[in-house]
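A.B. asks: coordinates only, sequence not included:
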């Protein structure tokens, strides 16, 4: 990702007819070539219709204000009618969860898990997160190249997931695997699944393992972990099997992918903008504004989908009832009408939380403060140990237009 993005008139993004631009192509994100396509759409066609794609026809919202309007108007734009991803789900593979529900059921189920990420519990978890972060960082090699994703991002997020679910700690790698399976694109040659049927089979295995724990927690007094909360709440204790799977997937992916990729993407950004890295070392208190800037700049969830409940209008375009509307958070976070110098990574922005990465409205990310806390602790502990962590080569990215995933990143710690 370049520090600056000069307008290249020869790029296909600028030479293609507008009606041929399809930003749902996963290769744009795997190859990190998405920028100019959204720059063109924001300028020339901010509410854009793609008639033909692998995922069928869809509308793209690419400007901050239009995305915000859609996100907060859940009465007009439904999560339940078609889900939250651009890919349509066949009924036999449908896994409903509270993020793919509209009120009132959404509100009832979300309230069940909310307390685990409430401020009081985050304060209780801070010491544990810091201890684990120190252990992971202190074990890293010096003067040799290693994979940051494998050795830091995955380890830290997997331990956190195991704690949130009170999952057997020695088996915690299963949580990461299930998360990867849940969001994988079957077309990704390096991904963990090659078909929807394979994904469904693995997630049913997950439901078996988690279901056994769920039943155990139901027989025990209520505890402060996600499975116990689900097992004891009226809104969730009798979920149908596919809904149980759906909510598990939501909570596992929500607690894993977004934080994991922000942990990696933030290190990449500081290496791409070395003046900001130096600024951070000179003033470690800037971690407070560094963290939301990482989350904006990386945008770990590329898009969210809604389905129009009725004919409506955005940006002078008529969207018909039943049509897909895709909120491209990755584009809204680069909208220069709202965010100054959006393609620059600036760790001391005046309004660092002015980003779309967590969404808005009733579906705003329930664990946003936990994600920020994990990143804050990570960077506080890095700054007390390492003057520099050098990126030694290109990141390997995931083939996806949903999760802005980083599979590996070679780094080295001098010293």
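C.D. replies: That came through, no problem. All values reported here derive from a predicted model rather than from experimental measurement. Numbering: from 1, shown residues only.

A.B. asks: only C-alpha atoms for contact and neighbour calcs from this point on.
C.D. replies: Noted.

A.B. asks: count of neighbours near the nearest residue to residue 11 once chain neighbours are set aside?
C.D. replies: Counting by CA to CA, 6 or more residues apart in numbering, residue 36 is the residue found nearest to residue 11 once chain neighbours are left out, at 7.9 Å. Neighbours of residue 36 under the rule other CA atoms under 10 Å: 18.

A.B. asks: so which bits of the helix or strand hosting residue 36 are buried?
C.D. replies: Here residue 36 is covered by helix 35-44, with elements defined by DSSP states H and E. By 16 or more other CA atoms under 10 Å, the buried positions in helix 35-44 come out as 35, 36, 37, 38, 39, 40, 41, 42.

A.B. asks: which residues are in contact with the last one?
C.D. replies: By CA atoms under 8 Å, 6 or more residues apart in numbering, the contact list for residue 42 reads 62, 63, 335.

A.B. asks: re the thing from before, and the buried residues of helix 35-44, which is closest to residue 156?
C.D. replies: Proximity to residue 156 was ranked across those by CA to CA; first place goes to residue 35, at 29.9 Å.

A.B. asks: gap between the closest one and residue 173?
C.D. replies: Separation of residue 35 from residue 173 (CA to CA, to the nearest Å): 34 Å.

A.B. asks: just residue 414 next, same as before
C.D. replies: Residue 414 is 29 Å from residue 173, where distance means CA to CA.

A.B. asks: just the strands in this structure please.
C.D. replies: 47-50, 58-61, 77-78, 146-147, 303-308, 312-314, 317-319, 324-328, 390-391, 396-397, 406-408, 410-412 (DSSP state E).

A.B. asks: now those as JSON lines including mean pLDDT?
C.D. replies: Output for the strands of the chain, formatted as JSON lines (pLDDT from 0 to 100):
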{"stretch": "strand 47-50", "mean pLDDT": "98"}
{"stretch": "strand 58-61", "mean pLDDT": "98"}
{"stretch": "strand 77-78", "mean pLDDT": "95"}
{"stretch": "strand 146-147", "mean pLDDT": "98"}
{"stretch": "strand 303-308", "mean pLDDT": "96"}
{"stretch": "strand 312-314", "mean pLDDT": "97"}
{"stretch": "strand 317-319", "mean pLDDT": "97"}
{"stretch": "strand 324-328", "mean pLDDT": "98"}
{"stretch": "strand 390-391", "mean pLDDT": "98"}
{"stretch": "strand 396-397", "mean pLDDT": "96"}
{"stretch": "strand 406-408", "mean pLDDT": "96"}
{"stretch": "strand 410-412", "mean pLDDT": "98"}
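
A.B. asks: deepest of those, which one?
C.D. replies: strand 324-328 (a mean of 27; mean count of other CA atoms under 10 Å).

A.B. asks: partners of it, with directions?
C.D. replies: strand 58-61 (parallel), strand 303-308 (antiparallel) (DSSP bridges).
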